[in-house]
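1. okay, predicted coordinates and the sequence, questions at the end:
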Amino acid sequence: MIHRNIQLFTAAVILVMSAAVMAAPQIGEPAPDFSVVDTKGKVHSLSDYAGKTVVLEWTNHECPFVAKHYGAGNMQDQQRTARNDHDVVWLSVISSKPGAQGHISPQRSDELTAERDAYPNAVLIDESGEMGHAYDARVTPHMYIIDADGILRYMGGIDSIPSADQDDIPEATQYVMVALDEMAAGEAVSQTTTRPYGCTVKY
């Protein structure tokens, strides 16, 4: 009986682990759908943006790596280029739970967006962490590009130099911008997965 119970427990663990592996996002596969409220109280789902390219940006205003790109205007420039030149939907995502570092009220988030002259379509408040876990978002910033068919085309870092120094930005390869340019030209994304760097998401 004990042996049988061990077998059943082992099988259950394998099933759970397999489900977790299957749930992880994969390049070239449909991106996980989500339904998350934004700072204005509106619910956003990936399925709402069928036919549009979507960029997801995990963010934490207290993270020095996020501050690097916003302080230099790099993130804002990418948001504007993506939206104005490529008709992209750009969603910033905050997955910090209440009380955790990086958690921010919707009102303060809107104030910060205005203060930084940021240009996302919306800021999503993923307090449950469900969306973050679905995408395996681990750091801020962690970036994802989903094409018009809902297929994940890029995931990883915003650029190639993992530092908090603004002076490194001009020398870095801007992975998100490169990928969007390649997609706009009808080309395959040359670097689909890169190592993200930043502050750990506080689920």
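-> Everything's here; your move. Numbers count the residues shown, from 1 in each chain.

2. show me where the chain has helices.
-> Along the chain, counting by DSSP state H, helices occupy 2-23, 64-71, 74-86, 106-115, 130-135, 175-184.

3. lowest average pLDDT across the ones you listed?
-> Of all those, mean pLDDT reaches its minimum on helix 2-23 (a mean of 38).

4. and the gap between Tyr119 and Arg153?
-> 21 Å (Cβ to Cβ, to the nearest Å). All C-beta spots, glycine's among them, are computed from the backbone N, C-alpha and C.

5. should've said Asn60
-> From Asn60 to Arg153 the distance is 24 Å (Cβ to Cβ).

6. who has more neighbours out of the two?
-> Using other Cβ atoms under 10 Å, the more surrounded residue of Asn60 and Arg153 is Asn60, with 25 against 20.

7. these two touch, right, the more buried one and Lys97?
-> No: between Asn60 and Lys97 there is no contact under Cβ atoms under 8 Å: 12.0 Å.

8. what residues are shared contacts of those two?
-> Shared contacts of Asn60 and Lys97 (Cβ atoms under 8 Å, 6 or more residues apart in numbering): Lys202.

9. quick one: average confidence on stretch 185-203?
-> Computed over stretch 185-203, the average pLDDT equals 97.

10. can you give me how far that stretch is from the chain middle?
-> 9 Å (Cα atoms, centre = their mean, to the nearest Å).

11. what do you get for stretch 43-62?
-> Mean-position distance between stretch 43-62 and its chain equals 8 Å (Cα atoms, centre = their mean).

12. go on, stretch 27-41?
-> 10 Å.

13. for it, buried residues please.
-> Ala31, Pro32, Phe34, Val36, Asp38, Thr39 (16 or more other Cβ atoms under 10 Å).

14. quick one: residues contacting the second one.
-> The reference is to Pro32. Ala23, Pro25, Leu46, Met131, Ala134, Tyr135.

15. just the buried residues of those residues.
-> The buried subset of these - by 16+ other Cβ under 10 Å - is Pro25, Leu46, Met131, Ala134, Tyr135.

16. which of the residues you listed sits closest to Pro64?
-> Checking those against Pro64 with Cβ to Cβ, the nearest one is Tyr135 at 22.4 Å.

17. how about that closest one: what's its closest non-neighbour residue?
-> Pro25 (5.4 Å; Cβ to Cβ, 6 or more residues apart in numbering).

18. list the contacts for the residue nearest to Ser47 when sequence neighbours are not counted?
-> Nearest-residue entry for Ser47: Asp33, 5.6 Å, with adjacent residues in sequence omitted and distances by Cβ to Cβ, 6+ apart. By Cβ under 8 Å, 6+ apart, the contact list for Asp33 reads Ser45, Leu46, Ser47.

19. a markdown table for the residues you listed, including pLDDT and distance to Ile169?
-> As requested, those are exported to a markdown table (pLDDT from 0 to 100; distance: Cβ to Cβ, whole Å):
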| residue | pLDDT | distance to Ile169 |
| --- | --- | --- |
| Ser45 | 98 | 33 |
| Leu46 | 98 | 29 |
| Ser47 | 96 | 34 |
